[in-house]
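*Asks:* Build me a model:
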Amino acid sequence: MGTQARVVVLPQQPGPLRIEELDLPDPGPTQVVVKQYASGICHSQLHQMHRERTTPVILGHESTGVVLKVGAEVTHVTEGDTVLVTWVPRDAANTPQEPVRSVLEVSDGTAQSENVFTWADHTLADQQYVVKVAPDTQRDVTAIIGCAVMTGAGAVINTAGVKSGQSVVIFGVGGVGLSAVVGARMVGADPIIAVDVNDAKLEFAKRFGATHGINATEGDPIAAIHALTPHENQRTIMSTPVTGADFAFDCIGIRQTMEQIVPACRAGHFGACSGGTAVLVGVPNTPVELNAIDLLIGEKQFIGSIGGSCAPDRDFPTFLDWHANGDLDLDAMVTARYSLDEINEATRALEQGEISGRAILEFD
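*Replies:* Here you go, the predicted structure:
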């Protein structure tokens, strides 16, 4: 017997999101049905909404819920377990089996997902996308661990491997950028420089650990970063003083910021150490031109970070501990809450830049 669900559907043809009442099929051998408490509303879903598509799409990829049903081969969770749903396999290194991607039959065809869908009061997901957590896990704000926190904090601690005392600059301090700020603070980075176009967001970022804020509309942000990050007694290959961040993270993914993170990084100390590392975290939607001479002469690196290079089984307990200890203030980071019926209002607010941290959907 299926499970009744209300599911947000992105139609194949351009138009607003709609909500359909569906019967979710019983789980396949490796799948689970999850009754959801809350889901994050991620900016990457806007990219999906603006792309051309050949089928309807079901959206969302981070949530908190409880397992209602399990497939015959599911071993990781049982009915009644509290879980976080994410879009990254929980233990890909030790699980050779390919996870099953969620698809649903909706009114205008077969709706596809990017691994999972969480903009729904119930979801059907492969067990690899479901991480068991303690029964007393907070039900609402922890939903954003499955993407925002994982992506931002993971980029700092996993992809980049930032160490205590190293300098960090973060372009874009929405939910992902704020999580990167927290990750940088937790490893002892200094300074932690936030760059945005909104003074309120820059001030908000200081609540999470940013030591400086730079408004990119008020002068040259690259020059401001270099002024804040001198490296005493170090010289470049051109015998000029070394300045710039050890690590620069782009948590936006637009052309302008992608082209700013490399020059924001320090050049190498000639004959002693290589230059800084620029990390692309935000989902890009445009080509980018990089200064190859700057990369070469400065011995800099430009790398990508998808999902914070996270293994959810390994990393989610750490993020939950940070939250429990007060080091990761998810209650403050979640700045907007919507019901499922308000999904079009929520995505409009996100697109218009009206959400300072992270927004969530809450389900009855």
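
*Asks:* What residues of the longest strand seen in the chain count as buried?
*Replies:* Using DSSP state E, we find that the single longest strand of the chain is strand 31-41. Taking 16 or more other CB atoms under 10 Å as the neighbour-count basis, strand 31-41 is seen to contain the buried residues 31-34, 36-41. Yep, even glycine has a C-beta here, placed from its N, CA and C like the rest.

*Asks:* Name the strands paired with it and say parallel or antiparallel.
*Replies:* Take DSSP bridges as the rule and strand 31-41 pairs in its sheet with strand 63-70 (antiparallel), strand 122-126 (antiparallel), strand 358-362 (antiparallel).

*Asks:* Show me what the mean pLDDT comes to for it.
*Replies:* Taken as a whole, strand 31-41 has a mean pLDDT of 98.

*Asks:* Send me the next helix or strand after it as CSV with only the CA atoms.
*Replies:* Once the chain leaves strand 31-41, the next helix or strand it forms, by DSSP states H and E, is helix 44-50. Coordinates of each C-alpha in helix 44-50 appear next as CSV, following Å, rounded to 0.1, in the frame of the first residue of the first chain:
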residue,chain,number,x,y,z
SER,A,44,20.7,25.5,-6.6
GLN,A,45,17.0,24.7,-7.1
LEU,A,46,16.6,28.0,-8.8
HIS,A,47,19.2,26.9,-11.4
GLN,A,48,17.0,23.8,-12.0
MET,A,49,13.9,25.9,-12.4
HIS,A,50,15.6,28.1,-15.0
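
*Asks:* helices and strands around helix 44-50, which ones?
*Replies:* Helices and strands in packing contact with helix 44-50 are listed as helix 343-351; criterion 3 or more CB pairs under 8 Å, 6 or more residues apart in numbering; DSSP states H and E.

*Asks:* Tell me the buried residues in the worst-scoring helix or strand of the chain on mean pLDDT?
*Replies:* Of the helices and strands making up the chain, the lowest-confidence element is helix 44-50, at a mean of 89, by mean pLDDT, DSSP states H and E. Of all the residues in helix 44-50, those buried under the rule 16+ other CB under 10 Å are 44-46, 48-49.

*Asks:* and which of those is nearest Asp321?
*Replies:* Of all those, the one sitting nearest Asp321 is Ser44; the distance, using CB to CB, is 26.1 Å.

*Asks:* ok, now how distant is the closest one from Asp126?
*Replies:* Distance from Ser44 to Asp126, counting by CB to CB, to the nearest Å: 20 Å.

*Asks:* and the top helix by length along the chain, how far out from the chain's middle?
*Replies:* Ranked by residue count and defined by DSSP state H, the top helix of the chain is helix 312-325. Here the centre of mass of C-alpha atoms in helix 312-325, compared against the chain's by CA atoms, centre = their mean, to the nearest Å, lies 15 Å away.

*Asks:* Can you work out which other helices and strands pack against that helix?
*Replies:* strand 130-132, helix 148-154.

*Asks:* Of the ones you listed, which is nearest Asp364?
*Replies:* The closest of these to Asp364 is strand 130-132. By CB to CB, the value is 21.3 Å.

*Asks:* Who are the packing partners of the closest one?
*Replies:* Checked by 3+ CB pairs under 8 Å, 6+ apart, strand 130-132 has strand 82-85, helix 312-325 packed alongside it.

*Asks:* Now tabulate these in JSON lines and tack on mean neighbour count, mean pLDDT and distance to Arg6.
*Replies:* Below are those laid out as JSON lines (neighbours: other CB atoms under 10 Å; pLDDT from 0 to 100; distance: least, CB to CB, whole Å):
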{"stretch": "strand 82-85", "mean neighbour count": "25", "mean pLDDT": "98", "distance to Arg6": "16"}
{"stretch": "helix 312-325", "mean neighbour count": "18", "mean pLDDT": "98", "distance to Arg6": "26"}
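
*Asks:* Adding distance to Glu21 as columns, could you present these in JSON lines?
*Replies:* Converted to JSON lines, those look like this (distance: least, CB to CB, whole Å):
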{"stretch": "strand 82-85", "distance to Glu21": "21"}
{"stretch": "helix 312-325", "distance to Glu21": "30"}
